[in-house]
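Asks: Based on what follows, work out the 3D shape:
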Amino acid sequence: MPTTSRRGEARCGADPLRPLFSSRVFDRRVHLTFVALVLVAASCRRSDRATPTMQPVPGLTVLDQWESGTQTPNVTTASGTVMMTWQQLEPPAVRWRQRAVDGRWGEPRTLVKSDDLFLNWADFPVMAAFDDHRFAAAWLRRSSEHAYGIELGHSTNAGAQWSTARLHAHTGGPEYGFVSMTPLADGRLRAYWLDGRESGGHEHGGAMQLRAATIAPDGVVDERALIDERVCDCCQTSAATTAAGPVVVYRDRSEAEVRDVAIAGPGKLRRKVAADGWTIAGCPVNGPAVAASEHGLVVAWFTGVGGEGKVQAAFATDEGEFSPGVSLGLSKPMGRVDVEWINADQALVSFIEQTDDGASLLARTIARNGHLGPAWRIADVSASNASGFPRMVRTKDTLVWAFTAETRDGPEVRVAEAPLAGLDR
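Replies: Below you'll find the predicted structure:
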């Protein structure tokens, strides 16, 4: 039974028929050839757009004393701390550690270890906090040779022990995953995920769905709901909480295979973030990101419409329509975005940009009026699936990035930190 991923690659100059991701990672073989062609074309097509000079981040510190054989970190904040999860390849495990308010990182801890864990480069564990000592986490576990589901972890003693349950009540589908969680004003969490109960596998059956549930501080899951009955099969979701309630952004999927980014919430409100009109017959494995604050909403996403890759961002009030999407202006963006507010007028978008000798993790500010700041270079990363999806989170006055680096000993999770001051140009 496979428990780790083989990282297939789609590079400029590589065989475009080589799968973008391994079937050991996703049982979605019917999409592989087309998706590889789409993304190679989108990221490798020559563009007239000049790449801005990549500048070093003021005060950037990279922490590389981490464990080898690790990948796909994810970060979130809780009461001023940073909580990070990642996947350990051998033995298969989900690990985590916490960055205190004073900036010191605690020791790595094991959340779960099992040969049945379903580890891969695109669908990674998530973690959230109800308060200082009650946590929730979600990861993937195989239910059979060809199926897997979402396991929910719950701790009432700051992560010392974890109880487990299923996030989704239904277990008859082959695939469930791509979870995002956001805290609610009443102390509960709202979780969203892609649900394959109607898909029956991608050779036949219905579409992937977007579903949600509420998790109470005692770990009880209720208020399960169908959010969208037809969505893209394997793009990440991203959730945030506004003053009016929780929202989730995701890649939608029409009957005509238009896969633009949509937002659901607050309440039953659902709308497009932007009508890019990206029509593709396979999942691009490149989900959007959302951030919410008292200033409103900001969403960042990747699109390959017209065969040319773009990273875009748009702003909105909590319940209003979004401003037109603005391109971050790079020549070979690969996407894999994240976004954070940095002040009342600006957001910072992180993404991977392909370079002549690989790829770089970049971050760039965008203002409500469309003004773009410098292209800050965070780190060099692989142009293959090995780099995963770098994540970014803001504490009070610091930005923290978590990403996967390739080393001689295999993939390794690393963290970069920089003071917020100096990035808002």
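
Asks: Could you list the low-pLDDT ranges of the stretch 201-350 of the chain?
Replies: 201-204 (pLDDT under 70).

Asks: quick one, strands of it?
Replies: With DSSP state E, counting those that start in this stretch as the criterion, the stretch 201-350 of the chain has strands at 208-215, 221-231, 238-242, 245-251, 261-264, 270-272, 289-293, 296-303, 310-316, 326-327, 333-341, 346-355.

Asks: can you list those in CSV and add distance to H168 and mean neighbour count?
Replies: Yep, even glycine has a C-beta here, placed from its N, CA and C like the rest. Formatted as CSV, the strands of the stretch 201-350 of the chain follow (distance: least, C-beta to C-beta, whole Å; neighbours: other C-beta atoms under 10 Å):
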stretch, distance to H168, mean neighbour count
strand 208-215, 7, 22
strand 221-231, 8, 15
strand 238-242, 16, 23
strand 245-251, 15, 25
strand 261-264, 17, 25
strand 270-272, 21, 14
strand 289-293, 22, 23
strand 296-303, 25, 27
strand 310-316, 29, 24
strand 326-327, 36, 18
strand 333-341, 25, 24
strand 346-355, 30, 24
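
Asks: which stretch among these comes nearest V400?
Replies: Closest to V400 of the strands of the stretch 201-350 of the chain is strand 333-341 (C-beta to C-beta; 9.9 Å).

Asks: Contacts made by that closest one with the rest, please.
Replies: Outside of strand 333-341, the residues within contact range by C-beta atoms under 8 Å, 6 or more residues apart in numbering are 39, 43, 284, 286, 288-293, 295, 298-302, 309-311, 313, 347-354, 359, 383, 387-394, 399.

Asks: Taking strand 238-242 as reference, get the angle to it.
Replies: For strand 333-341 against strand 238-242, the angle by axes from the mean of the first three to the mean of the last three C-alpha atoms, to 10 degrees is 20 degrees.

Asks: ok, the closest residue to D228 other than its chain neighbours - contacts?
Replies: Spatial nearest neighbour of D228, excluding adjacent residues (C-beta to C-beta, 6 or more residues apart in numbering): L210 at 4.2 Å. Neighbouring residues of L210 by C-beta under 8 Å, 6+ apart: 192-195, 226-228, 231, 237, 248, 250, 264.

Asks: which among those gets closest to V179?
Replies: Nearest to V179 among the contacts of L210, with distances taken as C-beta to C-beta, is W193, at 4.6 Å.

Asks: pLDDT wise, what is that closest one at?
Replies: You'll see W193 listed with a pLDDT of 98.

Asks: correct me, but it touches R211?
Replies: Yes. Using C-beta atoms under 8 Å, W193 makes contact with R211 at a distance of 6.1 Å.

Asks: shared neighbours of these two, which are they?
Replies: With C-beta under 8 Å, 6+ apart, W193 and R211 have common neighbours H168.

Asks: and the gap between D218 and T242?
Replies: For D218, the distance to T242 equals 25 Å [C-beta to C-beta, to the nearest Å].

Asks: Over to G320?
Replies: 11 Å.

Asks: what do these two both touch?
Replies: G296.

Asks: Run a quick neighbour tally on P183.
Replies: 22 (other C-beta atoms under 10 Å).

Asks: Equivalent analysis for the one 10 residues further on, please.
Replies: Neighbour count of W193, defined by other C-beta under 10 Å: 26.

Asks: which non-adjacent residue is nearest it?
Replies: Closest to W193 by C-beta to C-beta, 6+ apart is V179, at 4.6 Å.

Asks: dump the residue contacts of the one you found.
Replies: Counting by C-beta under 8 Å, 6+ apart, V179 has contacts 126, 138, 150, 167, 191-193, 237.

Asks: what stretches of the stretch 1-150 of the chain score poorly on pLDDT?
Replies: In the stretch 1-150 of the chain, residues with pLDDT under 70: 1-52, 65.

Asks: run the last query once more with 80
Replies: Within the stretch 1-150 of the chain, the ranges that satisfy pLDDT under 80 run 1-53, 64-66.

Asks: show me where it has helices.
Replies: 29-44 (DSSP state H, counting those that start in this stretch).

Asks: need the strands for it, in chain order.
Replies: Counting by DSSP E, counting those that start in this stretch, the strands of the stretch 1-150 of the chain are 54-56, 61-63, 70-78, 81-88, 93-99, 109-113, 126-129, 135-144, 147-155.

Asks: so which of these gets nearest L269?
Replies: So among the strands of the stretch 1-150 of the chain, strand 126-129 is nearest, using C-beta to C-beta, at 22.8 Å.

Asks: Quickly run through the sheet partners of that closest one, with directions.
Replies: Strand 126-129 pairs in its sheet with strand 135-144 (antiparallel), by DSSP bridges.

Asks: got the angle between the strand it pairs with and strand 147-155?
Replies: 150 degrees.

Asks: buried stuff in strand 135-144?
Replies: Under the neighbour-count criterion of 16 or more other C-beta atoms under 10 Å, strand 135-144 has 135-143 buried.

Asks: Tell me the one among these nearest to G80.
Replies: Distances from G80 to those, taken by C-beta to C-beta, are shortest for F135, at 15.1 Å.

Asks: Pull the contacting residues for the most centrally placed residue in the chain.
Replies: Geometric centre of the chain, nearest residue: Q236, 5.1 Å, by C-alpha atoms, centre = their mean. Residues in contact with Q236 (C-beta under 8 Å, 6+ apart) are 122-123, 178, 180, 287-288, 389.

Asks: what's the answer for L194, then?
Replies: 175-178, 208-210, 231, 233-234, 237, 250.
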